[in-house]
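J.: fold the following, please.
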Amino acid sequence: MATTNLKSLAESSREKLKAAIDPIEQFLNHNALEQLTQDDNSDNVGFYTGLLSDLRHLLVFSEVAYEKLGAVLRRPNFDNDLAERALYEVYHHGVNSFFYPKNECYSEDGRYAYTGQDAIRFRMKPVRAARDIILNIARIYEELRDDLAYYESDYLTHRRMQKQSK
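T.: Below you'll find the model as predicted:
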């Protein structure tokens, strides 16, 4: 990929990660398990425990990727290989962590992806704050997934071919 395209992709990915990190951090700082289950008036502790755990993992993966992209962009000489590796990690750790959460409190329903409706479906009906955070950051991670689709499989294939030709 051309250096200018790669650099602009790294910059835009970093900005999108920052846009996702801030609301996740705010949500986790202001919502505890007791608050979420109290407002729900039911016994969904397992659901909210899983949701909070998945959001903490997503936050860590996103922050690490944000820092790596920042380090790549601050280098005096832009390193294409390092940038591609960082973008690969954004896709495989950040984007995949959002769309395939370990506790499966929500999932993406592809049938709604192109209808303008929210494609995220929850396993149980969450409280408003939990629903809002997931739906708000879903748009950001959808954009990242679209931008970084190359890093889903083509990047590794390209790297393997480079190694074989050496």
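J.: pLDDT weak spots in this structure?
T.: Scanning the chain for pLDDT under 70 picks out 1-3, 39-43, 111-117, 154-166.
J.: all helices of this structure, in order?
T.: Assigned by DSSP state H, the chain shows helices spanning 3-30, 33-40, 45-74, 80-89, 96-99, 128-147, 150-165.
J.: for those, which one sits closest to residue 121?
T.: Nearest of the helices of the chain to residue 121, taken as CB to CB: helix 128-147 at 10.4 Å. To be clear about C-beta, it is placed using only N, CA and C from the backbone, and glycine gets the same treatment.
J.: for the closest one, which positions count as buried?
T.: For helix 128-147, burial by neighbour count (16 or more other CB atoms under 10 Å) applies to 130, 133-134, 137-138, 140-145, 147.
J.: which strands or helices does it pack on?
T.: Contacting helix 128-147 under the criterion 3 or more CB pairs under 8 Å, 6 or more residues apart in numbering; DSSP states H and E are the following elements: helix 3-30, helix 33-40, helix 45-74, helix 96-99, strand 120-122.
J.: what's the angle from the third one to helix 80-89?
T.: Relative orientation of helix 45-74 and helix 80-89, computed by axes from the mean of the first three to the mean of the last three CA atoms, to 10 degrees: 170 degrees.
J.: run the chain-centre distance for helix 45-74.
T.: The chain centroid and the centroid of helix 45-74 are separated by 7 Å under CA atoms, centre = their mean, to the nearest Å.
J.: now for the nearest residue to residue 27 once chain neighbours are set aside: which residues touch it?
T.: Spatial nearest neighbour of residue 27, chain neighbours left out: residue 133 (4.4 Å); criterion: CB to CB, 6 or more residues apart in numbering. Residue 133 makes contact with 23-24, 27, 55 under the criterion CB atoms under 8 Å, 6 or more residues apart in numbering.
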